[in-house]
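[1] sharing a model that was predicted from the sequence below.
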Amino acid sequence: MSEGQNPAKGMSVAGMILGLVALVFSLVPCFWLPHLVWIPLLLGIVGLVLSAISRSKAKKASAKTGMSTAGLVMSILGIVIVPIIYITVIAAAASIVDELGDQMENNQELQDAFQQLGDQIEDELENQGN
């Protein structure tokens, strides 16, 4: 094989494509659901492995490593973005649930105040009738 030819070009392309798909899927909201979150993670891990192997082979053969490096970067970003977004979504959901709970408590306080006001009106009407 002549110098500069990448012996693992197919692996480089596959790693880069898997890294790109993992990165895109990590940013698509439907893949943030608990039962789908593994898809971009799995694609990113496979892309990372393929890109690392192809980069190693390319370096040994003194070939270009650009596609392998791109695959590594995109795979790593896809893997890292998933937990960050997942944790952010969970924190936001918890905050929303907490706020709704506060609103329900305030609503209960309002209902209690109206009940007391109604009781006072009934008491006054009974006192006026006597």
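    Received the coordinates, thanks. Given the structure is predicted, the values throughout are model-derived calculations rather than measurements. Numbering: from 1, shown residues only.
[2] L50 and L72, how far apart?
    Separation of L50 from L72 (CB to CB, to the nearest Å): 10 Å. (Each C-beta comes from the backbone N, C-alpha and C, glycine too.)
[3] one more: L27?
    Counting by CB to CB, the gap from L27 to L72 is 18 Å.
[4] who's more crowded, L50 and L72?
    L50 (25 against 22; other CB atoms under 10 Å).
[5] which residues are common contacts for L50 and L72?
    The contact sets of L50 and L72 overlap at G15 (CB atoms under 8 Å, 6 or more residues apart in numbering).
[6] what about the closest residue to V13 other than its chain neighbours, neighbour count?
    Distances taken as CB to CB, 6 or more residues apart in numbering put M67 closest to V13, at 6.4 Å, once the chain neighbours are dropped. Residues near M67, counting by other CB under 10 Å, number 22.
[7] wouldn't K9 be in contact with M67 here?
    Yes. Counting by CB atoms under 8 Å, M67 is a contact partner of K9 at 7.5 Å.
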